[in-house]
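Participant: Predicted model follows, preceded by the sequence.
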Amino acid sequence: MNHFALVGARTISEAAEAASTTVANAMTTSPDAMGRNGTSVVKAGGIDLLDLLKENLLAPVKVVSLKEVPGLDAVAEEEGGGLRIGSMVSLADLADHPVLRQRYPALAGAVRGSASPQIRNVATLGGNLLQRPRCWYFRAAEYHCLRKGGGHCFAISGENQYHAIFNNMACAIVHPSTAATALVGLGATVEIVNAKGAVRQVLLEDFFMPPDRDIQRENDLKPQEILTAIRLPPLPASTRMAHLKQGEKDSFDWPLADVFVLLDLSPDGICKCAAIILGAAAPVPHRAKTAEAALTGRRIDENAARETAHAALDGATPLAKNAYKLPLFETLVRRAILEAGARR
Amino acid sequence: MAADGTTRTEKFPSGILSVGLGEVERQVPLDEPPPLPPNAELAVIGKPAPRQDGRAKVTGATRFTVDTNLPGMLHGRILRATLPHAEIRAIDISAAARHPGVRTVLVLARPGDSATAVVRYFGAPVAAVAAVSMAAAEEALRLIRVDYKSLPFVVDMDKAREPAAPLVHDAASAPVGHPSGFPAPHGLPLNGNVRGPATDSRGDVAQGFAQADTVVEGEYRTQVQTHCCLEPHAIVADWRADGLTVHISTQFTAGVRHELAEAFGLPLNRVRVIVDGMGGGFGSKSTLGDYGRIAVGLSRQAHAPVCIILDRQEEQMTAGNRPGTWQRLRIGARRDGSLTAISLLSYGTAGVALGAGVGFVAQGLYDCPNFESAQHDVFINAGPGCAMRAPGNTPGAWGMEQAIDELAERLAIDPLALRDRIDSSPVRREERRIGAERIGWRRRHAPGADSGSVKRGIGVAQSYWMANVQINSSCEVRVMRDGAVEVLSSVQDIGTGTGTVMAQVVAEVLGLRPEEITVRIGDTDFPAGPPSYGSRATASITPPARTAAWRVLQLLFREAAFALNAASADLVAREGRILVRDQPARSMSFGEAASRLRTDRISAVASRSEDYGGYLRSMGDAALAKQYLGGVQFAEVAVDTETGIVRVERVVAVQDCGRPINPLQTESQVHGGILMGLSYALFEDRILDQLTGRMVNPNLEQYKLAGPCETPAIEVMLLENYQGNSATDAYGIAEPANIATAPAIGNAVYNAIGVRLRTLPMTPAVILAALGKIPSRS
Amino acid sequence: MIDATSALMGQAEAAESGGPPVAGPAPVPITLKINGITRTLQVEPRMTLAEVLRGLLGLTGTKIACNRGACSACTVWLDGVAVCSCMMLAIEVGARNVTTIEGLASGSQLHPVQAAFIEHDALQCGFCTPGLVMSCAALLEHTPDPTPGDVQAAISGHFCRCGTYPHVVSATLAAAKARKA
């Protein structure tokens, strides 16, 4: 890693002030263009940042640590029944949190299944949502790809077995956060604070950035903004959820596919409303709108699940090496619907 | 060995214990010990013993090469090519040399020098620096300016075979071959990027096929696999006026010493190679290597010790791999299963190196009078392959053992019954019998018969490995006047437990416990020992260890005999005592006997002698034993046909290694072979980007390796198979344990889903495609 | 280029403007409590805990195998919690207790997991062993009576090429029993 100074921010505004830009910006801008002071970026748990630094993908002059900023690592129940998760809550603490496990069990499961115990003990939910993609061209400094400010996507006609099956015409990354799949389905919002203390709440689904909006970043975090919390809305008692993921292996692997399903069921088992989100499918967590519509008004049974699952792949444009994701997703969507539908 | 007065006749136990032991007569040199009885009659050999280095390893006290820190040590880093094929037009090291932390720079790719100016794979060494810190070394690398002229390249084996393919090597740069084969013998023709064929034949294959009632034919592919040793390649080279000392993570200290002496023009006694803890080799650390030569060159230039540790990316891209292969097998058989002809055609790629054969499984595993093979190496612009755990035979078994399975089905003969008919090995026959019982072979249903989306299956496969012996293997045993005992050799323990089996063998002879023996290995100052490759270390070093212990015991007996008023020939060593045979009252402790030594230390050195029954073939320092090693593995899998995920639920492995010395460690070895084979079958793949020729997964995250959650329930059964060939009759097992696993899983997958996978790895993508589940959407 | 001046200037900047403390890029003094012993070291902010343990403190029991948090060979405890030390900046350890493999045994008395690893041959080359021992010992602190699945989950981030997983699981289950007895 290059040399950097560590800034021990003591407040949110100190952190926002000290960070000159986002990691995404820092990776697409040459050091000279940033001026004589160079870039300074925010560090949460540091799991993604250290990887990027070790791969020489960015070389900030300063790293602004959130470790000492108070108030970012609490999980609090909100009035009205929602949950407010501080962005610095570790994945391990989140997965074990009794309220999360009780009220949002599929999210707890998605988090518990991420990475490894060691990583979960350090990685934060905020860092997890903001992490950069795992695309192996993106992660190698030798490839100056579109997302890093270059002129070419190497995955589209290259080794794309782990890449996107939707919205992959310009850049074929999949969004790397498994927690995001569930959070988008749950209608989570993110709370963002800037150096002046202004707070904005953004629906997580709108916060993620598809390539056609901006190919160089996965989210709408702006320079000198700090992601401070993730808020989950309360869920009616009639909702049921499931999250399923499948890696190539079960030990510490990125998912080939993951699926989150949230059903709002009438007392006699009819789906009033469905959220079906596909992770590791597209540059942002992918909402299977056709499938959601297809399931609405139907009783949850094998047929409904099967047909909905088929509809979930509507619009898929697989690449040369990732068409296997289609039957895989179809299976996971079907199973997740049945699992959610069977929950009491 | 002829009875010529230097030997005596002895009777050895012979045969497979569970089948029934007989006796065989052998001529044993007069200065070697009497035969060992079967393990049940022994005190220490054949019993589980904790590793002699276990405490050091579990407390983190063991020093590996990467932990070595010498005073004034510099850190070396290698600049590597960022193109798969290029000519170095110019290289400017001046800025790097001026870096205040840099002590010396080496240019490896010299512009204008036809021998070095062309780099042929992404990651090939170009230059190297030695600096006061790792960080300074890395900064210095970035200051080196290289002017590459990009050349046409090819990284796909099939494309490399085409007539118009870019040439990887020219006549001068192409490697010339090596006798150990796989196959790559010297003198084979090179046409474009294709070298070979290496051919073998017996009988008349055309006639054999004509006689066949049925012929099965299939094409199989295996991927390039990387070793992924936990400890990367590492060396600390300390060039001094009075000699060169090298700490290196190596599988062969004595061999590296020879390489260094030759490469740098030094006498053998001025070169010392040392390794203590060694974090895995699996074939990739058998030689000095480019990185080793570079470290010594830097040390010589800088007049300081230089440490080079490859990072994980260098490991993955440049430190060796198991070549990928394509093979076509044709097998002709009569209706009763007897084989009439086998024809094998293979192409494999070891990148810019040689050695991509598919071994000897097709020609050696089963009885077949008519055989032909033609194996080829194909060069591509990729990192050099090298030996990896059962080179050749592991990919070879993938093809052959599935082809035999297919033949069995075609003939409507049970796969085990077919093998009973065509496999003349008594060891494997017994292994099949035992394993079939344990796995419950009778539960096996017709292929694809399970209803439901998760389909289970059982498969079997066999392994075939010639036992290697390193004749040039020596061992010393010392007894001190205070009763301390040491066993010494330059042999290294790469995790296989070599040190512990040596301690057990010595302890057995001296009537002591293994933990009372101090093991001193991994240093060429000690008698030169064997390499830890080819599964030969145990077979090579334990006989001399026993013999040396026995010789030193005779010296001890002389002193004790005098004190006990008995003849040496009447003494035995047992349970820490020296006693008169059958008269336990006339005895003294081992320590007391040692205290009577007239000098502070007595010692005996022994070298590996010829196998008592003779060798199959001697080749200089090494030999092929008449003993071969078998191994039969059964796998039970569950395939989720909706996700393509294969779970290996259970593996039953029945293996043999002559006389097992430490069944606990041997079981660990077999676990290791099975898990590596499972990982090869399902996950691992060195993936090259076709556009840039660069490995896209040079890490431990996207190069997928079987982890704890992929581990099946493994049952290991070890046969005792005595041959009376040496003072211990013990052999290795590392490679046999790795050969049969992938085809056993492949055959199990076929049994589960009724579709045969012929390509590795069997990822969900491959399984789903084979099941016809991938829709053709545009 | 690093020099002491820029570090001082960094500190001066912070002091002047009342901004947050800035450490480095030149080495700064930090205090670490390692295996019960407090040490003060000069550490660059970019140095990982693994590098500091191995390079500055001579505690080479903690191994670096992938340097990316993908293999868990570098596992140590921070206040009893298993982390990858190669992905932890030394400067951010702060007051947390660092326990390395060297600190697990009590003098000559091995931790039950260490003793069980030897007895069940849960090690071969030994390079991944310290990390695995730390993970399994941490598991038993939080889950004194684990199932085989619990052990597998606890070690799911570990990679061992020699194939010790089956014996690691049996050793850890045996150690759990031994602790209860």
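Facilitator: That came through, no problem.
Participant: Those residues of chain C touching chain A, which are they?
Facilitator: C:2, C:7, C:10, C:19-25, C:44-46, C:48, C:67-70, C:72, C:75, C:81-84, C:87-89, C:91-92, C:94, C:135, C:153-154, C:156-158 (C-beta under 8 Å from any C-beta of the partner chain). No exception for glycine: its C-beta is placed from N, CA and C like everyone else's.
Participant: Return a ChimeraX selection command for the buried portion of these.
Facilitator: The ChimeraX selection below is limited to those of the residues of chain C next to chain A classed as buried (16 or more other C-beta atoms under 10 Å in any protein chain shown):
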select /C:7,10,20,21,22,23,24,25,44,45,46,48,67,68,69,70,72,75,81,82,83,84,87,88,89,91,92,135,153,154,156,157,158
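Participant: Filter the residues of chain C next to chain A to keep only those in contact with chain B.
Facilitator: Answer for those near chain B (C-beta under 8 Å from any C-beta): C:67, C:68, C:70, C:153, C:156, C:158.
Participant: Same list (those residues) but as CSV, adding pLDDT and distance to residue B:55.
Facilitator: Output for these, formatted as CSV (pLDDT from 0 to 100; distance: C-beta to C-beta, whole Å):
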residue, pLDDT, distance to residue B:55
C:67, 98, 28
C:68, 98, 30
C:70, 98, 29
C:153, 97, 28
C:156, 98, 27
C:158, 98, 21
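Participant: And the residues you listed, which is closest to chain A?
Facilitator: residue C:156 (4.6 Å; C-beta to the nearest C-beta).
Participant: Would you confirm that the closest one contacts residue A:118?
Facilitator: No. Counting by C-beta atoms under 8 Å, residue C:156 stays clear of residue A:118, with 9.8 Å between them.
Participant: which ones are touching the residue sitting nearest the centre point of chain C?
Facilitator: Among the residues of chain C, the one closest to the centroid is residue C:76, at 1.6 Å (C-alpha atoms, centre = their mean). Applying C-beta atoms under 8 Å, 6 or more residues apart in numbering or on different chains, we find residue C:76 in contact with C:49, C:53, C:62, C:82, C:83, C:85, C:98, C:99, C:100, C:101, C:134.
Participant: Check what contacts the one helix or strand residue B:618 maps to and list those residues.
Facilitator: Here residue B:618, judged by DSSP states H and E, is contained in strand B:615-619. Strand B:615-619 is contacted from outside by B:179, B:466, B:469, B:471, B:623, B:624, B:625, B:626, using C-beta under 8 Å, 6+ apart.
Participant: List the buried residues for it?
Facilitator: residue B:615.
Participant: The helix or strand that it is followed by: partners in the sheet, and parallel or antiparallel?
Facilitator: Using DSSP H and E, the helix or strand that follows strand B:615-619 in sequence is strand B:622-629. In the sheet, strand B:622-629 lines up against strand B:465-470 (antiparallel), strand B:615-619 (antiparallel) (DSSP bridges).
Participant: Mind giving me the packing neighbours of the next helix or strand after strand B:622-629?
Facilitator: Scanning forward in sequence from strand B:622-629 by DSSP H and E, the next helix or strand is strand B:632-640. Counting contacts by 3 or more C-beta pairs under 8 Å, 6 or more residues apart in numbering or on different chains; DSSP states H and E, strand B:632-640 is packed against helix B:426-439, strand B:454-462, strand B:645-656, helix B:741-753.
Participant: List the buried residues of the first one.
Facilitator: The neighbour-count criterion (16+ other C-beta under 10 Å) identifies B:427, B:428, B:429, B:430, B:431, B:432, B:433, B:434, B:435, B:436, B:439 as the buried residues of helix B:426-439.
Participant: follow-up on the earlier one: make a markdown table out of the strands paired with strand B:622-629 and add mean pLDDT.
Facilitator: Output for the strands paired with strand B:622-629, formatted as a markdown table (pLDDT from 0 to 100):
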| stretch | mean pLDDT |
| --- | --- |
| strand B:465-470 | 94 |
| strand B:615-619 | 93 |
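Participant: Switch those strands over to JSON lines; also include distance to residue B:268.
Facilitator: Listed next are the strands paired with strand B:622-629 as JSON lines, based on distance: least, C-beta to C-beta, whole Å:
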{"stretch": "strand B:465-470", "distance to residue B:268": "17"}
{"stretch": "strand B:615-619", "distance to residue B:268": "21"}
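Participant: which among the contacts of strand B:615-619 end up buried?
Facilitator: Applying 16+ other C-beta under 10 Å to those flags B:466, B:469, B:471, B:623, B:624, B:625 as buried.
Participant: what's across from the fourth one in the sheet?
Facilitator: Translated: residue B:623. Applying DSSP bridges, one finds that residue B:623 bridges with residue B:469, residue B:618.
Participant: Return the residues in contact with residue C:45.
Facilitator: Residues near residue C:45 by C-beta under 8 Å, 6+ apart: A:3, A:4, A:5, A:6, A:63, C:23, C:24, C:25, C:28, C:89, C:91.
Participant: State the phi and psi torsions of the closest residue to chain A within chain B.
Facilitator: For chain B and chain A, the shortest gap (C-beta to the nearest C-beta) falls at residue B:707, measuring 2.6 Å. Main-chain torsions, residue B:707, degrees, to the nearest 10: phi -120, psi -170.
Participant: So what's the residue count around it?
Facilitator: Residue B:707 sits with 26 neighbouring residues when counted by other C-beta atoms under 10 Å in any protein chain shown.
Participant: now do residue B:217
Facilitator: Around residue B:217 there are 12 other residues, counting by other C-beta under 10 Å.
Participant: With residue B:155 instead?
Facilitator: 25.
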